[in-house]
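Visitor: sharing a model prediction with you, sequence too.
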Amino acid sequence: MRVYEEFTRTITTKEPVGFKCDCCSTESKKRMDQVQMNHNGLGNDSIDSYVTKDYCSLECYRKLAIMFLEEFSGYDDSSLFDDIDYDKIKILIGEK
């Protein structure tokens, strides 16, 4: 036989109520676009390299691309910015 007891559960969840640009810190209630950066170099740091950033404008997108070029310069052959490889990002933003 089973004995039952009645109780109440409270579930707490986190839901976004606003967004903040990772480049210029502009806040908005409207969802922002995202860009993902990563490299596929050898070792455990490849998994840790996956970063997603929110941006509010094309200017912020460009600034994030420049930051990506600086941060991932050691992984030229295996790094991606928004699924675009390192050399093509250099060309797109006029760095090459």
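Guide: Happy to help now that I have it.
Visitor: any chance you could map the helices in the protein?
Guide: Using DSSP state H, the helices found in the chain span residues 45-48, 58-71, 86-92.
Visitor: which among the ones you listed is found nearest to D77?
Guide: D77 sits nearest to helix 86-92 of all these, at 7.3 Å, using CB to CB. The C-beta positions use only the backbone N, C-alpha and C, and glycine is treated the same way.
Visitor: returning to that earlier point: so which of the helices of the chain is nearest R9?
Guide: helix 45-48 (34.4 Å).
Visitor: export the helices of the chain to JSON lines and append columns for distance to R9 and mean neighbour count.
Guide: Shown next, in JSON lines, are the helices of the chain (distance: least, CB to CB, whole Å; neighbours: other CB atoms under 10 Å):
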{"stretch": "helix 45-48", "distance to R9": "34", "mean neighbour count": "11"}
{"stretch": "helix 58-71", "distance to R9": "41", "mean neighbour count": "16"}
{"stretch": "helix 86-92", "distance to R9": "48", "mean neighbour count": "15"}
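Visitor: those: which one's closest to C24?
Guide: Nearest of the helices of the chain (CB to CB): helix 58-71, 5.6 Å.
Visitor: what's that closest one in contact with?
Guide: 21-24, 33, 35, 37, 53, 55, 79, 81, 86, 89-90, 92-93, 95 (CB atoms under 8 Å, 6 or more residues apart in numbering).
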